[in-house]
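Engineer: coordinates for the following, if possible.
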Amino acid sequence: MSNESNFLAGEMSEENASTLSLGDYFHVLWLRRQLLINVTAFIVFVAVLVIYQLAPRYTAATQLLVGINAAKVVDIEQVLTGSMTGDSAVIGEMEVIKSREIARKVIETLKLDQYPEFNKSLVPPGFLANLNPLNLLPESWLEATGLKSIEIRTEEEQREALQTGLINDFLSKLTVTQIKRSQVINIAFQSADPKLASKVANTIADKYIIGQLQAKFDATKKATDWLNDQLGELRNKVATSEQGVESYRKTHNLIAISKEVGLSQQQLSEINSQLIIARVQRAEAEAKYQQVEDISRSGRNFDSVADVLNSTLISSLRGQESEVQRKYSEMLVEFGARHPKMIQMRAELDDIESKVRAEVKKIAAGLRNTLDVARARESSLMSSLRQLESKTTGNNQDEVELRALERESTANKALFENFLGRFKETASTQGIEQADARVISFAEIPTGATFPKKNMLLLVSLIGAVFAAISLVFVIEQLNPGVRSPEQIHDLFNMSTMGIIPLQQDSKDDPNDYVITKPQSGLAEAINTLRISLSLLNPDAAVKSILITSSVPGEGKSTLATMLARMSAVSGQHTVVVEADVRRPAISKVFGFDKESLGLTDLLSNHDLTLADVLQKDPKTGLMILSRGKAGYVNPLDLFASKRMRSIMEELREKFDLVVVDSAPIMAVPDSRILQSLVDKTIYVLKWDSTPKKVVRNGLHLLMKDGNSNLAGIVLQQINLKQYGRYGDYSYYYHYGRYKSYYS
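Structural biologist: Got it, this is the predicted structure:
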């Protein structure tokens, strides 16, 4: 597959190629391990300083058992509250403990407003506050400029604001929880002073219990006062109602006739009872008789009537009928329906049926008689009842009124006695109230701080520092635009690396001369490796002309062209270097040519000149140089696309073993796109860890978009060997770094 196809395939799979595997992530972390360690150590160091500067806080806890007084002290709900049960009651008591009223009482009892921990105005200014230059200015200036607010609140409002702040700060340090859905409440308080934490927790419990007792006492006293007022009114009502009863008795002479009225009432009650029974009996007799009448009219069987079913005679007749019917059915098949025996059996069945009907008529007549008797008894009892009611009507009228007065008197008296009893019970409980909660565990002075939890914070800080350092490493890695290794070149562009050229850091010599003066140096060996790579591109036909270009200026393409040409010349190849970067000629400066020297532009514009007129020789290596020339304004595109340029390149190929063409950057001008058609192979120079990947990709795309690219590969230029081994293929690092003792 050609390099163009490889690049296009790589371009289509850019996203997949740039995806890092798990091993790549670990490799990046290993490469950046020093940064990872330094960032982690710095963050942990800062965290340690902050953690050990935090003021310790201590937590003391008191435990309360609530809902213990299940029995009421007195037998009325209106006087005292009932017992507390269930989670809802416990939650309600927790809210009471966390109330601002309890907090205010504790603050006042312990004088917490005198502690700097709660009253921030008592905290002395810190060191940084004393260094504030605003403190040197008069207050009037600060107020005039708005740098200091003018206090417009009254003293009372300021005290209320201070109290509100104290309570808010107090509640922020208080934690009230229920222990495992039980009736035990845990009261925890946090403070910088362990003794104060214990004292506050116990005081909260005390204030809560005292508050319960006070609430019970107030409720009992209020109930006692209310009952006392009610008793006065009820006492008057009882006396008035009793006097009314006696007065009515005397007025209507109800004392003498009370016995007679009582006897009449007894008789009425007995007759009413008998009348109810008679009506039930009459209704029952009517129902039975009506059933018989309905069956008789419809012609249905009387066997469903209860009295018929209970008749012994009918039951016996039905039994006989069943037996005869059975025999009749058995003999019917044998003798036939006209046989005398069969006729006799039918006569027997008819006789039995007539007897049953006769008995049913007797039963129906009996039911009719029973109904008549029941009706007569009911009518007699109703007549007696009317006579007795008429006799006692007059007496009852007064008696009813009397009973109403007596009931009113009795009710008033009972209500009075009930209230009197409750009053006595309630009054007796004053001073003996019991709270519905008690302390089961008092808060002790804590021996260790609950905040900060240094070990946990240090662990969290370490984990956070590691994550932050890892994130920073990957951010830096993503922000780095350059290419660092042949692996990246292959993954990003699907191109091969022809060679890597190290940056000469340990010498002040010009790298163009360094490869000559130090032929056994690592730089010289890198150029020789590139020469070998070029020779292996096509074993059947030697590469005789090479174009060297790059993405942007400053990547070292001209230096590479010079070093490659000089090393080839030293090695015995008849070599010429062509300075085709006519806009920024660098090779002329390397060899010290003046501006009047003839060169490529002169040769292209003046057909009378020959190669012999413009070629110059490097005295150190024998390299022939075709420099830019002295011609003024020229259009490189027209010159390089001309037949004259093609003939010059053909002539150079015939006369020299190797032609090295230094061209302009592909992203700057399109010269390289024209020149690459005039050479055998093209080398793309890429500055190590510098040129953005996107720029390289765009340059390669321009170079190969015409479809006639002869790109041999990419050369990494100006590599820092001290850093390269951390990023690239370790074989290169070993070759140029670990084994540098082999080079001089």
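Engineer: doesn't Pro553 belong to a strand?
Structural biologist: No. Assessed with DSSP: H, G, I helix; E, B strand; the rest coil, Pro553 is coil; it does not lie in a strand.
Engineer: where along the stretch 301-450 of the chain do the helices fall?
Structural biologist: In the stretch 301-450 of the chain, the helices defined using DSSP state H, counting those that start in this stretch lie at 306-309, 312-335, 340-429.
Engineer: and those helices, which one averages the lowest pLDDT?
Structural biologist: Lowest mean pLDDT within the helices of the stretch 301-450 of the chain: helix 306-309, at a mean of 59.
Engineer: mind giving me the domain split of this protein?
Structural biologist: The chain is divided into the following domains under automatic domain parsing: 58-222+435-441, 258-429, 486-742.
Engineer: flag whichever of these has the least confidence on average.
Structural biologist: Between these, the one with the least mean pLDDT is domain 258-429; it has a mean of 71.
Engineer: quick check: Glu321 vs Leu639, distance?
Structural biologist: Distance of Glu321 to Leu639, computed by Cβ to Cβ, to the nearest Å: 144 Å. Placement of C-beta: from N, CA and C, glycine included.
Engineer: out of the domains of the chain, nearest to Trp30?
Structural biologist: Closest approach to Trp30 among the domains of the chain is made by domain 486-742 (8.1 Å; Cβ to Cβ).
Engineer: quick revisit: so which of the domains of the chain comes closest to Phe26?
Structural biologist: domain 486-742 (13.4 Å).
Engineer: higher neighbour count, Glu321 and Leu639?
Structural biologist: Leu639 (20 against 17; other Cβ atoms under 10 Å).
Engineer: assumed the more buried one was part of a strand.
Structural biologist: No. Counting by three-state DSSP, Leu639 is located in no strand; its state is helix.
Engineer: next, count neighbours for the nearest residue to it once chain neighbours are set aside.
Structural biologist: The shortest distance from Leu639 to any non-neighbouring residue, by Cβ to Cβ, 6 or more residues apart in numbering, is to Leu604 (4.5 Å). Using other Cβ under 10 Å, Leu604 is surrounded by 22 other residues.
Engineer: what do you get for the one 10 residues further on?
Structural biologist: Counted by other Cβ under 10 Å, the residues lying close to Val614 total 21.
Engineer: my guess is it contacts Thr601, does it?
Structural biologist: No. With contact defined as Cβ atoms under 8 Å, Val614 and Thr601 do not form a contacting pair (9.4 Å).
Engineer: and for the two, which residues touch both?
Structural biologist: Both Val614 and Thr601 are in contact with Gly629, where contact means Cβ atoms under 8 Å, 6 or more residues apart in numbering.
Engineer: could you point out which of the domains of the chain sits nearest Gln478?
Structural biologist: Nearest to Gln478, of all those, is domain 486-742, at 11.3 Å by Cβ to Cβ.
Engineer: which parts of this protein are strands?
Structural biologist: Using DSSP state E, the strands found in the chain span residues 58-66, 174-178, 184-191, 437-441, 497-502, 545-550, 575-579, 616-617, 624-626, 658-662, 681-687, 711-719.
Engineer: okay, those strands in JSON lines with distance to Ser533 next?
Structural biologist: Listed next are the strands of the chain as JSON lines, based on distance: least, Cβ to Cβ, whole Å:
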{"stretch": "strand 58-66", "distance to Ser533": "73"}
{"stretch": "strand 174-178", "distance to Ser533": "74"}
{"stretch": "strand 184-191", "distance to Ser533": "73"}
{"stretch": "strand 437-441", "distance to Ser533": "84"}
{"stretch": "strand 497-502", "distance to Ser533": "5"}
{"stretch": "strand 545-550", "distance to Ser533": "11"}
{"stretch": "strand 575-579", "distance to Ser533": "17"}
{"stretch": "strand 616-617", "distance to Ser533": "27"}
{"stretch": "strand 624-626", "distance to Ser533": "23"}
{"stretch": "strand 658-662", "distance to Ser533": "14"}
{"stretch": "strand 681-687", "distance to Ser533": "10"}
{"stretch": "strand 711-719", "distance to Ser533": "7"}
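Engineer: nothing else from me, thank you.
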